[in-house]
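# Could you work out the structure for the sequence below:
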Amino acid sequence: MDKHYMEVTHLPASDEKVQTMMKEAYVIMNGMYYKTMDDFKGANYEFVKAICNEGRKDKVVVDIYETYQKGMAKHYFDAMEYFAENSLKDNEEMYLHLR
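Purely as a prediction, here's the structure:
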(Lines give C-alpha, C1' and ligand atoms only; values in the text may rest on other atoms or scores of the structure.)
Protein backbone atom coordinates (compact mmCIF):
# COMPACT_ATOMS: atom_id res chain seq x y z
CA MET A 1 0.00 0.00 0.00
CA ASP A 2 1.14 3.47 -0.52
CA LYS A 3 0.42 6.98 0.67
CA HIS A 4 -2.24 7.32 -2.04
CA TYR A 5 -4.40 4.62 -0.43
CA MET A 6 -3.89 6.12 3.02
CA GLU A 7 -5.64 9.23 1.73
CA VAL A 8 -8.92 7.33 1.23
CA THR A 9 -9.10 5.13 4.33
CA HIS A 10 -11.43 7.66 5.97
CA LEU A 11 -13.98 6.90 3.21
CA PRO A 12 -16.36 3.93 3.35
CA ALA A 13 -15.10 0.75 1.67
CA SER A 14 -17.92 1.17 -0.86
CA ASP A 15 -16.85 4.68 -1.93
CA GLU A 16 -16.17 5.06 -5.65
CA LYS A 17 -12.60 6.31 -5.06
CA VAL A 18 -11.83 3.34 -2.82
CA GLN A 19 -13.38 0.90 -5.27
CA THR A 20 -11.36 2.34 -8.15
CA MET A 21 -8.25 1.58 -6.10
CA MET A 22 -9.52 -1.92 -5.38
CA LYS A 23 -9.90 -2.57 -9.10
CA GLU A 24 -6.32 -1.38 -9.58
CA ALA A 25 -5.17 -3.61 -6.70
CA TYR A 26 -7.07 -6.55 -8.21
CA VAL A 27 -5.36 -6.06 -11.58
CA ILE A 28 -1.93 -5.96 -9.90
CA MET A 29 -2.75 -9.05 -7.80
CA ASN A 30 -4.14 -10.93 -10.79
CA GLY A 31 -1.05 -10.14 -12.86
CA MET A 32 1.27 -11.22 -10.05
CA TYR A 33 -0.44 -14.60 -9.76
CA TYR A 34 -0.40 -15.11 -13.54
CA LYS A 35 3.37 -14.58 -13.46
CA THR A 36 4.05 -16.84 -10.47
CA MET A 37 1.55 -19.71 -10.65
CA ASP A 38 1.45 -22.41 -13.32
CA ASP A 39 -1.97 -22.93 -14.93
CA PHE A 40 -3.45 -19.90 -13.17
CA LYS A 41 -6.89 -19.14 -14.60
CA GLY A 42 -7.38 -15.76 -12.94
CA ALA A 43 -8.39 -14.42 -9.55
CA ASN A 44 -12.07 -15.30 -9.51
CA TYR A 45 -14.59 -14.36 -6.83
CA GLU A 46 -13.82 -17.35 -4.59
CA PHE A 47 -10.07 -16.79 -4.93
CA VAL A 48 -10.32 -13.13 -3.89
CA LYS A 49 -12.61 -13.98 -0.97
CA ALA A 50 -10.12 -16.63 0.19
CA ILE A 51 -7.18 -14.21 -0.12
CA CYS A 52 -9.06 -11.66 2.01
CA ASN A 53 -10.02 -14.27 4.59
CA GLU A 54 -6.47 -15.56 4.89
CA GLY A 55 -5.00 -12.05 4.89
CA ARG A 56 -7.21 -11.02 7.81
CA LYS A 57 -5.94 -14.01 9.82
CA ASP A 58 -2.25 -13.56 9.00
CA LYS A 59 -0.62 -11.42 11.67
CA VAL A 60 2.33 -10.58 9.44
CA VAL A 61 0.07 -9.33 6.64
CA VAL A 62 -2.05 -7.30 9.06
CA ASP A 63 1.06 -5.84 10.70
CA ILE A 64 2.44 -4.76 7.31
CA TYR A 65 -0.73 -2.78 6.53
CA GLU A 66 -0.88 -1.41 10.06
CA THR A 67 2.67 -0.02 9.85
CA TYR A 68 1.34 2.39 7.23
CA GLN A 69 -1.77 3.42 9.11
CA LYS A 70 -3.77 2.07 12.04
CA GLY A 71 -6.93 0.42 10.72
CA MET A 72 -5.64 0.09 7.16
CA ALA A 73 -5.71 -3.71 7.13
CA LYS A 74 -9.39 -3.87 8.03
CA HIS A 75 -10.26 -1.12 5.58
CA TYR A 76 -8.33 -2.79 2.75
CA PHE A 77 -9.85 -6.21 3.28
CA ASP A 78 -13.33 -4.74 3.71
CA ALA A 79 -12.88 -2.77 0.50
CA MET A 80 -11.53 -5.76 -1.44
CA GLU A 81 -14.39 -7.94 -0.23
CA TYR A 82 -16.84 -5.23 -1.29
CA PHE A 83 -15.16 -5.24 -4.72
CA ALA A 84 -15.46 -9.03 -4.89
CA GLU A 85 -19.15 -8.98 -3.93
CA ASN A 86 -20.23 -6.00 -6.00
CA SER A 87 -17.98 -5.92 -9.05
CA LEU A 88 -16.28 -9.28 -9.52
CA LYS A 89 -18.91 -11.81 -8.44
CA ASP A 90 -21.18 -11.68 -11.49
CA ASN A 91 -18.60 -10.24 -13.88
CA GLU A 92 -15.66 -12.62 -13.57
CA GLU A 93 -15.18 -12.97 -17.33
CA MET A 94 -14.68 -9.22 -17.59
CA TYR A 95 -11.98 -9.22 -14.88
CA LEU A 96 -10.13 -12.54 -15.09
CA HIS A 97 -8.04 -11.53 -18.10
CA LEU A 98 -6.92 -8.20 -16.59
CA ARG A 99 -3.25 -8.14 -15.71
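
# for the protein, which helix is longest?
As assigned by DSSP state H, the longest helix anywhere in the chain is helix 16-36.

# Please enumerate residues in contact with that one?
By CB atoms under 8 Å, 6 or more residues apart in numbering, the list of residues contacting helix 16-36 from outside reads 4-5, 8, 11-12, 40, 42-43, 48, 51, 79-80, 82-83, 86-88, 95-96, 98-99. Heads up, the C-betas are built off the backbone N, CA and C, glycines and all.

# let's see 10 Å
In this structure, residues lying in contact with helix 16-36 by CB atoms under 10 Å, 6 or more residues apart in numbering are 1-2, 4-5, 7-13, 15, 40-44, 47-48, 51, 75-76, 78-84, 86-88, 95-99.

# Excluding chain neighbours, what is closest to residue 61?
Nearest non-adjacent residue to residue 61, counting by CB to CB, 6 or more residues apart in numbering: residue 55, 4.8 Å away.

# Just to check, the one you found is in contact with residue 63?
No: here residue 55 does not reach residue 63: they are 11.4 Å apart, not a contact under CB atoms under 10 Å.

# higher neighbour count, the two?
residue 55 (17 against 10; other CB atoms under 10 Å).

# Please name the residues that touch that one.
61-62, 64-65, 73, 76-77, 80.

# Repeat that for residue 88.
Per CB under 10 Å, 6+ apart, neighbours of residue 88: 22-23, 26, 43-49, 80, 94-96.

# Which parts of the protein are helices?
So, for the chain - with DSSP H - the helices run 3-6, 16-36, 45-57, 59-68, 72-83, 92-96.

# Rebuild the ones you listed as TSV, extending it with mean pLDDT.
Formatted as TSV, the helices of the chain follow (pLDDT from 0 to 100):
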stretch	mean pLDDT
helix 3-6	83
helix 16-36	90
helix 45-57	96
helix 59-68	96
helix 72-83	97
helix 92-96	74
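
# Pick the most buried one from the ones you listed.
Comparing the helices of the chain on average neighbours per residue, with mean count of other CB atoms under 10 Å, the densest one is helix 72-83 at a mean of 20.
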